[in-house]
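1. Have a look; sequence and predicted model below, questions after that.
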Amino acid sequence: MLNFLYKVYSFCIALPIFVVITILVASCVIIAGFLGDTDVVAYYLPKFWSKCAFWLFLLKVKVEGRENIKKEDSYVFLANHQGYYDIFLAYGYLGHNFKWMMKEYLKKIPFVGYACVKAKHIYLADGISGIAKAVQHARETLQGGMSMIIFPEGTRTSTGKMSPFKRGSFMLANEIGLSIVPLTINGSFDVFSRNAKSVSRGTVTLTIHKPITAEERKGKQTKVVMQEVFDIINGGLEEKYRS
């Protein structure tokens, strides 16, 4: 009975309100982008939007390890991609200003896609030229505490377990010389996975691991660093989702 009532509430009350908030926030970010503000408004409004995604759908959040990062430093955050709520979790509760690294096709999402363009998120096209362009954009953007978040799997998991990482995000981190911070997301798959048709109640946890500096990665092959980061994130997952 409680699950039924929750579904009714989600579809009839929470979802319509969230759609309105999404359109309003995206519109404000677009306007702010035209006015030249791509850091303050484009961070704090999506942060509010993301927290609404938790508040409205009655979800709980837990954050561990926030003491491992400093607001004044820039990082490349690498996270596993369990479900739709990963984005809301990072925006709402990481506590650090950042840009997303996103696939080119995401520009086509109504309102949100164009808002991301105006907020100057970093887009990654296929091929070497796409990586080179993303590196140049990142060098210009990631300064003074501005960071970047990437899902190195490239897409949401269909099983809850991590897929192999792609090399592009690690190559970019090495090129711009920033520390890599692994992030482990738990609970997002159970709350709203890529195959689910609606949100389920639960708790989503974000674990912020210690940074791996550029100096610590110096001399290591990319595949070695990829495996180290994979193992750190995987080790923070619930037992049933560990690879």
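-> In hand now; what should we look at?
2. can you map out the strands along this protein?
-> Secondary structure of the chain (DSSP state E): strands at 60-64, 75-79, 98-103, 122-124, 147-150, 179-186, 203-208.
3. Redo these as JSON lines? Include distance to residue 166 and mean pLDDT.
-> Any C-beta I mention is one placed from the backbone N, CA and C, and that applies to glycine too. Shown next, in JSON lines, are the strands of the chain (distance: least, C-beta to C-beta, whole Å; pLDDT from 0 to 100):
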{"stretch": "strand 60-64", "distance to residue 166": "26", "mean pLDDT": "98"}
{"stretch": "strand 75-79", "distance to residue 166": "11", "mean pLDDT": "95"}
{"stretch": "strand 98-103", "distance to residue 166": "11", "mean pLDDT": "80"}
{"stretch": "strand 122-124", "distance to residue 166": "10", "mean pLDDT": "76"}
{"stretch": "strand 147-150", "distance to residue 166": "9", "mean pLDDT": "90"}
{"stretch": "strand 179-186", "distance to residue 166": "14", "mean pLDDT": "97"}
{"stretch": "strand 203-208", "distance to residue 166": "22", "mean pLDDT": "98"}
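4. can you tell me which of those comes nearest to residue 216?
-> Of all the strands of the chain, strand 179-186 sits nearest to residue 216, with 8.4 Å by C-beta to C-beta.
5. Could you look over the strands of the chain and pick the most buried one?
-> strand 75-79 (a mean of 26; mean count of other C-beta atoms under 10 Å).
6. out of the strands of the chain, which comes closest to residue 234?
-> strand 179-186 (8.1 Å).
7. Now do that closest one: which elements does it pack against?
-> strand 75-79, helix 85-93, strand 203-208, helix 222-235 (3 or more C-beta pairs under 8 Å, 6 or more residues apart in numbering; DSSP states H and E).
8. let's see it at 6 Å
-> strand 75-79, helix 222-235 (3 or more C-beta pairs under 6 Å, 6 or more residues apart in numbering; DSSP states H and E).
9. in the helix or strand bottoming out on mean pLDDT in the chain, what's buried?
-> Across the helices and strands of the chain, mean pLDDT, DSSP states H and E gives its lowest value to helix 128-141, namely a mean of 74. Within helix 128-141, the residues scored as buried using 16 or more other C-beta atoms under 10 Å are 131, 134, 135, 137, 138, 141.
10. could I get it in CSV with only the CA atoms?
-> C-alpha atoms of helix 128-141 as CSV (Å, rounded to 0.1, in the frame of the first residue of the first chain):
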residue,chain,number,x,y,z
ILE,A,128,41.6,12.2,-31.1
SER,A,129,40.5,15.7,-32.4
GLY,A,130,37.6,15.6,-29.9
ILE,A,131,39.9,14.8,-27.0
ALA,A,132,42.3,17.6,-28.1
LYS,A,133,39.4,20.1,-28.2
ALA,A,134,38.2,19.0,-24.8
VAL,A,135,41.7,19.3,-23.3
GLN,A,136,42.0,22.9,-24.6
HIS,A,137,38.5,23.8,-23.2
ALA,A,138,39.4,22.2,-19.9
ARG,A,139,42.7,24.1,-19.6
GLU,A,140,40.8,27.4,-20.1
THR,A,141,38.1,26.5,-17.6
